[in-house]
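K.L.:
Need coordinates for the following:
(chains A and B)
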Amino acid sequence: MRSEKQERRRLPRVHDSFPVAVSASGSFRRGRALKGVARDYNEEAVCVRVPAAALEGSKVRLSFNLPQSLSSNFRGLHCEWSGKVANVRPDLKQSDECDLIVELDGKIGQLTADVVGAHQRKFGLLVLLVLVSMLWLKWDNIRFFWYSPLFYLYSFTIAMYFISRFFISRFYRPPDIPTEFEPTISIVISVRNEEDAITKTVESCFGADYPDDKREVIVVNDGSTDSTPQVLEKLQKKYPRLIVRSIPPSGKRDGMATGVRLAKGELIVFVDSDTFLYPDSLRHIVCGFEDPTLGASSGHTEVANASRNVLTGLQEVRYFLSYRLMKASESVFSAVSCCPGCLSAYRREYVLEVLDPWLHQRFLGAKATFGDDRSLTNYILRKHRVIYNERALSSTLAPETWGRYMRQQVRWKKSWLRETLLASSFMWRKHPLAAISFYVGALCSLLSPIMVFRAGVLSFVEPDSILLYYVVGLLLVGIAQCLFFYLVRPSRTWLLGMLLVAVQVVLMGPQTYYAMFTMRKNHWGTRG
Amino acid sequence: MSRGYAWAWGAILFVVLAEATWTFGGRAYWRRYVIGFADVPESARRSSHFVAVAFPRLSDSGEPFTMLSGEFEQIVRQLGAQGYISIGLSDIRDFYEEGRPFPPMAVLIALDRDDPSSIALADRALRRARMKALVFVNETRYGTGNIRRHSLTRHAVLDMLRSRAWDFGWFSEKPMPPPADLPGAPVLDGAKDSGWTRDCAKYPFRFGASPLGFNGPDQKLCALRIIRARPERTPEENVRAIDANWPRRRPFFDDFKSGKLSTDWIVDYGVVSGTRDRLAVIPTPRQTGAAVFLNGTDTWSDSVIEFELKKYKSAFWLYTRYNDGHYLRVGAKKGFWKVEEKAAANRPPKTLASWPIGGLPARLTLTLKSDVAIVHINGRLAFRNALELDPRIDTGRVELIAYDTKRKNALGVIDLFRAAPLPEQWVVIDRLPEDFGPGLAERLHEQAVAAHGVSPRWFTVTAAGRLLSTGSQLQFARALSGFNRATLAPMVELPGRAPWLRDPAARARVAQEVAEAADGADISTVNLRVPAGGDAEGAMAFAAQLKARLRASGRRLWATLDGGEPPQAAWARCVDGVLKPVSRPGDDLETLQVYDMEAANAQPAGL
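P.N.:
Prediction:
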């Protein structure tokens, strides 16, 4: 018969390193916390290396922030767990350090769930409170509607649209991992001048968990002028299965199309050249494709360099809201309007049906060279379902300077304008709520700068209370965004949600019209 | 697109279209055509008067200076139940400009503030009562956004206009010309002492706040009156105050035992108290007089008014026919009972009679008949005779005034008050015995005081066409009518049916006989009695012939028509006036009332 220790040792362990503060009660070092580092854990115990010894059997308290291995969504959430020192193993190399095996007062899964649950309850209530406040504010819109009907209609509509995102996204569920469905996948990466990032991208594609015989990785070098080709050569040596094709500088869309033509897998997984997959990204991105009506699936992308500066932190919030709020809402109706190029999967046979028209798409007499991802999504969305999978994670490098950020946004805005116009011709055939959300979102985005002008400028010419309502409304939106972000992804950048609102209103809004008037100007990517 | 989605889209579109239709006119047209307004057919419009009432801001929470919406609804419902018909500005313009009559019991309901929430509350109540109203919008320019929230939006105004349930007037807190966006709209002059709207040329359509809201053909469009409903009064009191605007038709009595001044009394100035079982009229320390008038008496002409004077200081008057600077006043002044008249604003008052006051309390009764005033004090005829009045003093209200040249010195206290319009009433004296006693004489005198005519039964025409003289006590009848300034109109009784009524020659002969008898008796008026159920056509033909003969000698012919049914319209051409029997106050007496052949019941019963 095995002892408890033996039983505990038999449980599978997760090796993850994260800082832990150990504070002890009882006779040993009462009230003082030791700064340690967790080394591994299993369902019942945690192994913590601390710079001092401890007595077996003493009660301790572990304070740490949830690591990603315990909860990818709620990593960073602060935890305080109590336990008992079950074993002390001194480090033979470092005399003042030892490993404490702390047996927890409860199963780690349950403890994690409790922490997450408490956090969600607290912040969920706050989010609800903010949303209710918005609704109360909207009641004023109705009461005083005819004092400024256009503005209040816009205000009410956009508020309802915004609130509905929260409500609808509550019904979002990612597709489950199918038990017997394991399609062949072709990862297509179109690259141009990414000598710094391409290595990590390719390594993450090969490092992700998926059968090698069902995976192929294709990199299309779109006329890079830096050392990207040399880097690719080295990678080919390291990964003999890597397929590299070089084409003359033609644009990202051509690169992607080349990759599609070379691909043999049932599914095509597009990955940007500066995007990095997580170990289980591929396992998740293929979920849902066992249903033949599914045409495409978008993964969830985070900002890898979020902590770089305020701008990248702000983009982290934005990315999160864009995925977890907007795409999740669209996914409820299987009508996601854009599968980003960072990480998305398409059914190859559906892509081949639309490959030529997509490749040769023209708009206002000019060849469409931007918005490739949104454009392809639109082609697929016409006849098939498109979903979002929050578990298919990836991370990407966001622009770190305002100049590059603004250029990127202009490009995105142009693609949005074009594709929204095209999608409006068929979105009405989708689920009514999805269609209405689409049209409302589009219209409100187009009208936003006008309303900013109305509230911000005209209110000084002809004083009324609209400016106050507008500002309060924006504040509530900002607070709701911040709280929602913190609710689902506790992070120190959550407060940047307030800045995001200001940036969106002041900069992004007018950019819409700039993008409209410069629609015919084309250029490649942010770094180009 | 799946069929399910198609249904969903259909439902969404339907809801959106329905809401849009409802918002942009549907609600207004529903109100206008489906709910509609209480009204009467054009043929029933015969009134020439209306009452205008202004309500303050309404609220649900009972804020200061507002009326509860529930109370407003109660008032409106009660008005509707009493038969009031709400009118709009078009009805008023049509009356004053084109003569189109009002419906009976016409009332103009107004809100003196354009607060949107107040209007919404009022609209709800008016919708249920199927009434319309007028709202006075504030035209003073404020220019700040917050204030604008307290005014109507353009959409609301259009909706209100479309529904035809609302009219718009305007008011301003400072002088301004009529606003261009409200052409032809009336202005509300609520400020007592500003007066900047009283230029009829500049403001041709105007309502002035007044203790009275009664308007008639005597008013001009630029000088209409509007009464304010008071939030501190109960709904019943407000309704009563509105009712009291109509001309009083019924007798009024107040013994002041209710403990407070009744809403029938309108304080003109000074302090008026209705407590402690009496009415006291006292000036404020800065005033020399105090006055209170009885509501609904503006159009009174002939009347009987009685009060018991308990106490007074300096002078206390009963004013009657008080209007446009003319009046007749009776009262006590420095130890004397006095009767004075003032024929015009630019004329000084003239003393008609004066008599020392014997003692107080004393009961004074004033009977006004045409141009005659008969005063009784403590039941006895005062001043020895009836008093002749200037005919220019024709109509006006009843008012009690205490006055002294010194401030806060005047006082008037009365115990009871009684007033009634005096309809044109005749008294018929049956055949009197030769030796009738003082009791009958007194009764006859009492009736004759209030009578416009005395009609003793003197003549009868038989079925054979013979004129018989059946009267008695002829001199007594003459004296009675002369003393009480009543027309002596001996009665000629016709048979119900007779062959001679169908024979023109026989009719002419009888008519000649009656005319000669009238000549012989030296009477100015003959009262022809036509029994009910008789030969009406023959009687009318005879009356026409008799009227012609009497006219030739400057005499007049009246007809008393027995029976309950209204007289035929043709009687108006055959005689100078029609009488109907109303009561028999005694075996020997009968009262007749003049029947107004021109006006049907255009006015409410009133009070």
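
K.L.:
Report pLDDT for A:Thr420.
P.N.:
A:Thr420 carries a pLDDT value of 93.

K.L.:
From chain B, how far out is it?
P.N.:
Going from A:Thr420 to chain B by Cβ to the nearest Cβ, to the nearest Å gives 20 Å. Just so you know, the C-beta spots here come from the backbone N, C-alpha and C atoms, and that holds for glycine as well.

K.L.:
For my notes, confirm that residue occurs in a helix.
P.N.:
Yes. Checked against DSSP: H, G, I helix; E, B strand; the rest coil, A:Thr420 lies within a helix.

K.L.:
can you list the residues of chain A near chain B?
P.N.:
A:144, A:146-147, A:149, A:428-432, A:436, A:459, A:462-466 (Cβ under 8 Å from any Cβ of the partner chain).

K.L.:
And these, which is closest to chain B?
P.N.:
Within the residues of chain A next to chain B, the smallest distance to chain B is 2.7 Å, found for A:Asp464 (Cβ to the nearest Cβ).

K.L.:
coming back round to it: quick one: buried ones out of the residues of chain A next to chain B?
P.N.:
Among those, those classed as buried by 16 or more other Cβ atoms under 10 Å in any protein chain shown are A:Phe144, A:Trp146, A:Tyr147, A:Arg429, A:Lys430, A:His431, A:Pro432, A:Ile436, A:Ser459, A:Asp464, A:Ser465, A:Ile466.

K.L.:
Could you list the low-confidence segments of the chain?
P.N.:
Picking chain A for this. A:1-9, A:25-32, A:53-54, A:92, A:94-95, A:462-464, A:521-528 (pLDDT under 70).

K.L.:
think we crossed wires, I meant chain B
P.N.:
Scanning chain B with the threshold set as pLDDT under 70 gives B:1, B:140-150, B:191-194, B:431-436, B:472, B:598-607.

K.L.:
Report the central residue of it.
P.N.:
B:Pro247 (1.6 Å; Cα atoms, centre = their mean).

K.L.:
For that residue, give me the backbone phi and psi.
P.N.:
Main-chain torsions, B:Pro247, degrees, to the nearest 10: phi -60, psi 130.

K.L.:
In space, what's closest to it - neighbours in sequence excluded?
P.N.:
Counting by Cβ to Cβ, 6 or more residues apart in numbering or on different chains, B:Pro247 lies nearest to B:Thr299, which is 4.6 Å off, once chain neighbours are set aside.

K.L.:
measure the one you found to chain A for me?
P.N.:
Applying Cβ to the nearest Cβ to B:Thr299 and chain A gives a distance of 45 Å.

K.L.:
State the number of residues packed around that residue.
P.N.:
Using other Cβ atoms under 10 Å in any protein chain shown, B:Thr299 has 18 neighbouring residues.

K.L.:
likewise A:Thr225?
P.N.:
By other Cβ under 10 Å, neighbour count at A:Thr225 equals 9.

K.L.:
tell me the SS of it?
P.N.:
Of the three states, A:Thr225 takes coil under three-state DSSP.

K.L.:
so the residue nearest to A:Trp494 when sequence neighbours are not counted is in which element?
P.N.:
The shortest distance from A:Trp494 to any non-neighbouring residue, by Cβ to Cβ, 6+ apart, is to A:Tyr486 (4.0 Å). Using DSSP states H and E, the element containing A:Tyr486 is helix A:466-488.

K.L.:
what's the answer for B:Leu400, then?
P.N.:
strand B:397-403.

K.L.:
Who are the packing partners of that strand?
P.N.:
strand B:279-282, strand B:289-294, strand B:303-313, strand B:315-323, strand B:411-421 (3 or more Cβ pairs under 8 Å, 6 or more residues apart in numbering or on different chains; DSSP states H and E).
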